[in-house]
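>>> coords please:
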Amino acid sequence: MSGVSLSPEEWDKILRFLRCQPNVYVDVEQKCRRFIEGMLWMLRSGAPWRLLPERYGSWNSVFKRFDRWSAKGVWEARHRAFADDPDMKSILIDSTIVRAHPCAAGARKSDQDQYGCDEMSTEPSS
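Below is the predicted model of the structure:
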């Protein structure tokens, strides 16, 4: 999976939020950004912590910081703060939204004719 990079606008919003949080210490801005981008990589990849690429820092340090922020409610506060500002570029479309055509869903042969499945068949005609 490729790296995750926040746009300057996205980072500015996140940084302003973090600086207003009493439980968050933002010392070196670049290290904090690297941590946030590492967290985004983890969320998007679904990989185990030990597979976090080194460019985001030590997996154990990133995990410990994530765990501390979780215990302090930082992630929950972040979700509440940004709920009215959705990131529309990360929307996923899956089978709960899109229905398959009946012939792709295993419709009986007699039912397929009414949906025009014969025209969509990839089998060569005899």
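>>> Could you use CA atoms for every contact and neighbour count after this?
Fine.
>>> quick one: low-confidence ranges for this protein?
Per-residue confidence for the chain (pLDDT under 70) gives these ranges: 1-3, 86-126.
>>> need the helices for it, in chain order.
For the chain, the helices defined by DSSP state H cover 8-19, 29-45, 59-71, 74-81, 109-115, 117-120.
>>> which other helices and strands contact the longest one?
I take that to be helix 29-45. Contacting helix 29-45 under the criterion 3 or more CA pairs under 8 Å, 6 or more residues apart in numbering; DSSP states H and E are the following elements: helix 59-71.
>>> ok, and what's touching the helix it packs on?
23-24, 35, 38-39, 49-53, 56, 75-76 (CA atoms under 8 Å, 6 or more residues apart in numbering).
>>> how close does the closest residue to residue 72 other than its chain neighbours get to residue 52?
Excluding the flanking residues, the one nearest residue 72 by CA to CA, 6 or more residues apart in numbering is residue 23, at 6.6 Å. According to CA to CA, to the nearest Å, residue 23 and residue 52 sit 25 Å apart.
>>> With neighbour numbers in mind, choose between the two.
residue 52 (20 against 13; other CA atoms under 10 Å).
>>> what's near enough to touch the more buried one?
Residue 52 neighbours (CA under 8 Å, 6+ apart): 38, 41, 42, 58, 59.
>>> Most neighbours among those residues, please name it.
residue 38 (24 neighbours).
>>> Let me know the closest of the contacts of helix 59-71 to residue 11.
Nearest to residue 11, judged by CA to CA, of the contacts of helix 59-71 is residue 35 at 11.8 Å.
>>> Please list all residues in contact with that closest one.
Taking CA under 8 Å, 6+ apart, we find residue 35 in contact with 56, 57, 62.
>>> I appreciate the help and will end here.
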